[in-house]
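Engineer: sharing a model that was predicted from the sequence below.
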Amino acid sequence: MIQAVHAIAEGRVQGVGYRWFVQKTATKLGIKGYVRNLPDGTVELEAEGSTESLDALISEMKKGPLGAQVLAVREHRKTLQSDAERRFTDFEIRH
């Protein structure tokens, strides 16, 4: 089953390599989408992948890289009914 997830990571998640950590993890798991810093100091994720892969990514996001202090990762998921609903072809860091 393919799902889409929107997540917001809160805490010390900017300036510590968090986006690169998320990109590397997502790519390894075969997840498509993007990660970006938001003006309020949080990091946003939009991604698509299998339920298991997204579970693994969110779990790693809650840990973060060395130097990060993740206080929370809020997420919202929905199941994609067909491949036509997919929006991403790779995983990128957006600026």
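Structural biologist: Yep, it's here. Numbers count the residues shown, from 1 in each chain.

Engineer: who's in contact with residue 57?
Structural biologist: When the contact criterion is CB atoms under 8 Å, 6 or more residues apart in numbering, the partners of residue 57 are 22, 25-26, 29, 31, 45, 47, 49. (Each C-beta comes from the backbone N, C-alpha and C, glycine too.)

Engineer: residue 79 now?
Structural biologist: With CB under 8 Å, 6+ apart as the criterion, the residues that contact residue 79 are 1-3.

Engineer: would you check how far apart it and residue 47 are?
Structural biologist: 14 Å (CB to CB, to the nearest Å).

Engineer: next one: residue 88
Structural biologist: Using CB to CB, residue 88 is found at 7 Å from residue 47.

Engineer: surely residue 41 is in contact with residue 14?
Structural biologist: Yes. With contact defined as CB atoms under 8 Å, residue 41 counts as touching residue 14 (5.8 Å).

Engineer: with neighbour numbers in mind, choose between these two.
Structural biologist: Relative neighbour count places residue 14 above the other of residue 41 and residue 14, with 16 against 12, counting by other CB atoms under 10 Å.

Engineer: check what pLDDT that one gets.
Structural biologist: Predicted confidence (pLDDT) for residue 14: 98.

Engineer: any residues touching the helix or strand encompassing residue 93, and which ones?
Structural biologist: Secondary structure assignment for residue 93, by DSSP states H and E: strand 91-94. Counting contacts by CB under 8 Å, 6+ apart, the residues outside strand 91-94 that touch it are 19-20, 23, 26-27, 31-36, 47.

Engineer: can we see that at 6 Å?
Structural biologist: 19, 23, 26-27, 31-36 (CB atoms under 6 Å, 6 or more residues apart in numbering).

Engineer: many thanks, have a good one.
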